[in-house]
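Student: this is a predicted model, with the sequence first.
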Amino acid sequence: MKAYFLSDLHLGAPYFTDSKEAEKRVVSFLDEIKDDAEVIYLLGDILDYWYEYRYVVPRGFVRFFGKLAELADKGIRIVWFIGNHDIWIFDYLPSELGIEVVDGSLVEEIDGKIFFMTHGDGIGRLKPSFRFLRGLFRNKACQKAFSAIHPRWTVPFAYSWSRHSRKIEGPSEEDAARMMDNITSFAKDYRKNDSRVNYFVFGHLHLLKEFNISPDCEVVVLGEWISMFSYGVWDGIRFELRRYCHGC
Ligand SMILES: [Mn+2]
């Protein structure tokens, strides 16, 4: 039985030329892994925008949600980490799909190795503007005020925001280097207090990376599902990064 790790699907993002195709690709991936997956970790930014109101939820993602529910019903554990795009998951997705939602990080032993997992947007030195927005988006009073505005205005606003804030090509070279520094020094510092961790797994960077910070500890960055379709798999012996080829 295996553990799978994927992040940054950004389903519903306005920059997909074919949103249905993007959704079908991940659904077909989930279908292919359902017989040997024991646990699936979704490391954030799974949906490009999502806001759960108390009585209604946004449209879309029916095939994807259906597949997650099917796998959860089969007994596969599904853990969804909140990213900086899918912050506003409250009680609907966990109860409807039967998944666990994690806001922050999780340290778990999987088949004898210790994994530290988080989306990665809150790690290290943040740009002041990003830190401000991150606080605003997570503020309960702001969430309440936002949810009182009719979605007719907030949903198009969120999608136009997304179109501007994340380019399809991923972060600039400078941003990528800064974020890589952030997670590398975070992992090294973390290991000083807890040297048991064997794998630090991050999403968010839209880069596909795997490197050692000590002989028994690796940092893994999972890539994305906009053009890489990458994921990690741990079978109890090896951790591997792979790329999914739909229809191959
Ligand atoms: Mn992100």
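Tutor: Perfect, I can see it now.
Student: quick check: buried residues in the longest helix along the chain?
Tutor: With residue count as the measure and DSSP state H as the assignment, the chain has helix 173-193 as its longest helix. By neighbour count, and taking 16 or more other Cβ atoms under 10 Å as the criterion, the buried residues in helix 173-193 are 176, 179-180, 182-184, 186-187, 190-191. Yep, even glycine has a C-beta here, placed from its N, CA and C like the rest.
Student: please enumerate the strands of the protein.
Tutor: If you assign secondary structure with DSSP state E, the strands in the chain sit at 2-6, 37-42, 77-81, 100-102, 105-110, 113-118, 197-202, 208-214, 217-222, 230-234, 239-243.
Student: got a markdown table for the ones you listed, with distance to the ion too?
Tutor: Formatted as a markdown table, the entries for the strands of the chain read as follows, by distance: least, Cβ to the ion, whole Å:
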| stretch | distance to the ion |
| --- | --- |
| strand 2-6 | 13 |
| strand 37-42 | 12 |
| strand 77-81 | 10 |
| strand 100-102 | 14 |
| strand 105-110 | 14 |
| strand 113-118 | 11 |
| strand 197-202 | 10 |
| strand 208-214 | 15 |
| strand 217-222 | 11 |
| strand 230-234 | 15 |
| strand 239-243 | 18 |
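Student: adding mean pLDDT and mean neighbour count, write those out as a markdown table.
Tutor: Formatted as a markdown table, the entries for these read as follows, by pLDDT from 0 to 100; neighbours: other Cβ atoms under 10 Å:
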| stretch | mean pLDDT | mean neighbour count |
| --- | --- | --- |
| strand 2-6 | 98 | 22 |
| strand 37-42 | 98 | 22 |
| strand 77-81 | 98 | 21 |
| strand 100-102 | 96 | 17 |
| strand 105-110 | 97 | 14 |
| strand 113-118 | 98 | 22 |
| strand 197-202 | 98 | 24 |
| strand 208-214 | 97 | 14 |
| strand 217-222 | 98 | 23 |
| strand 230-234 | 98 | 22 |
| strand 239-243 | 98 | 14 |
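Student: and the longest helix of the chain, does that touch the ion?
Tutor: No: Helix 173-193 lies out of reach of the ion by Cβ under 5 Å from the ion, never closer than 10.0 Å.
Student: who touches the residue positioned nearest the centre of the chain in this structure?
Tutor: Within the chain, one residue has its C-alpha closest to the average C-alpha position: by Cα atoms, centre = their mean, that is residue 44, at 1.8 Å. If you count contacts by Cβ atoms under 8 Å, 6 or more residues apart in numbering, residue 44 has them with 7-8, 80-86, 118-121, 203-204.
Student: do that again at 7 Å, thanks
Tutor: Shown in contact with residue 44 (Cβ atoms under 7 Å, 6 or more residues apart in numbering): 7, 81-83, 86, 119, 203-204.
Student: go on, residue 60?
Tutor: Neighbouring residues of residue 60 by Cβ under 7 Å, 6+ apart: residue 12.
Student: residue 66 versus that one, what's the distance?
Tutor: 12 Å (Cβ to Cβ, to the nearest Å).
Student: and what of residue 131?
Tutor: 37 Å.
Student: hey, C-alpha coordinates of the lowest-mean-pLDDT helix or strand in the chain in PDB?
Tutor: Of all the helices and strands that make up the chain, the one with the lowest confidence by mean pLDDT, DSSP states H and E is helix 151-165; it has a mean of 79. Once side chains and other backbone atoms are set aside, the C-alpha atoms of helix 151-165 remain, and they are given as PDB (Å, rounded to 0.1, in the frame of the first residue of the first chain):
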ATOM      1  CA  PRO A 151     -21.100  35.900  -4.600                       C
ATOM      2  CA  ARG A 152     -22.300  37.600  -7.900                       C
ATOM      3  CA  TRP A 153     -19.500  40.100  -7.100                       C
ATOM      4  CA  THR A 154     -17.000  38.200  -5.000                       C
ATOM      5  CA  VAL A 155     -16.600  35.200  -7.300                       C
ATOM      6  CA  PRO A 156     -15.600  37.100 -10.500                       C
ATOM      7  CA  PHE A 157     -13.400  39.300  -8.300                       C
ATOM      8  CA  ALA A 158     -11.600  36.200  -6.900                       C
ATOM      9  CA  TYR A 159     -11.000  34.800 -10.400                       C
ATOM     10  CA  SER A 160      -9.700  38.100 -11.800                       C
ATOM     11  CA  TRP A 161      -7.400  38.300  -8.800                       C
ATOM     12  CA  SER A 162      -6.100  34.800  -9.400                       C
ATOM     13  CA  ARG A 163      -5.500  35.600 -13.100                       C
ATOM     14  CA  HIS A 164      -3.200  38.500 -12.100                       C
ATOM     15  CA  SER A 165      -1.500  36.900  -9.000                       C
END
